[in-house]
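Undergrad: how would this look folded up:
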Amino acid sequence: MAPSSLIDVLAVHADRLLDEPLPGQGRANLITALTAVPDRRDPRGVVHALPPALATAVAAVLTGARSAAAVAE
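TA: All right, here's what the predicted structure looks like:
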C-alpha cells in the first residue's frame with residue numbers, strides 16, 4: 001500500500017536522504033533551503049515565520065513523528 005500522507009512519504013525516504021551527501025552545488029543549511037518555500041498564508045494570521053516552522057516540522061518527522069498531530073506535539 002502506498003503512503004497516505006506527505007509525512008509518510010518523507011519518513012520512508014528519511015534514512016536514505018540523511019545518508020546521502022548533497023551535491024556540491026546544492027549544499028545549504030536547512031533554514032536557507034526552506035526560505036525558498038513560498039508562503040501562501042494570509043499575512044493577517046501569521047504568527048511565526050514559515051522557514052523556522054517548517055524546520056521544526058522536518059525535525060519532528062526525522063525524530064519519528066508520523067502524523068500532523070504528532071508533529072504538533
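Undergrad: so what touches stretch 65-73?
TA: Defining contact as C-beta atoms under 8 Å, 6 or more residues apart in numbering, one finds that stretch 65-73 is touched by 5, 7-8, 11, 56-57, 60-61, 64. All C-beta atoms are positioned from the backbone trio N, CA, C, and that covers glycine.
Undergrad: least trustworthy helix or strand in the chain by mean pLDDT?
TA: One helix or strand of the chain scores below all others by mean pLDDT, DSSP states H and E: helix 6-19, with a mean of 65.
Undergrad: let me see the mean pLDDT of the very next helix or strand once past that helix.
TA: Counting by DSSP states H and E, the element after helix 6-19 in chain order, helix or strand, is helix 30-34. The average pLDDT within helix 30-34 is 82.
Undergrad: so which strand or helix has residue 59?
TA: Short version, using DSSP H and E: residue 59 is in helix 50-62.
Undergrad: output that helix as PDB, restricted to C-alpha atoms.
TA: Extracted C-alpha coordinates of helix 50-62, given in PDB (Å, rounded to 0.1, in the frame of the first residue of the first chain):
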ATOM      1  CA  LEU A  50       7.500  30.000   7.700                       C
ATOM      2  CA  PRO A  51      11.100  28.700   7.500                       C
ATOM      3  CA  PRO A  52      11.600  28.000  11.200                       C
ATOM      4  CA  ALA A  53       8.100  26.500  11.400                       C
ATOM      5  CA  LEU A  54       8.900  24.100   8.500                       C
ATOM      6  CA  ALA A  55      12.300  23.300  10.100                       C
ATOM      7  CA  THR A  56      10.500  22.300  13.300                       C
ATOM      8  CA  ALA A  57       8.200  20.000  11.300                       C
ATOM      9  CA  VAL A  58      11.100  18.500   9.500                       C
ATOM     10  CA  ALA A  59      12.900  17.800  12.700                       C
ATOM     11  CA  ALA A  60       9.800  16.200  14.200                       C
ATOM     12  CA  VAL A  61       9.400  13.900  11.200                       C
ATOM     13  CA  LEU A  62      13.100  12.900  11.400                       C
END
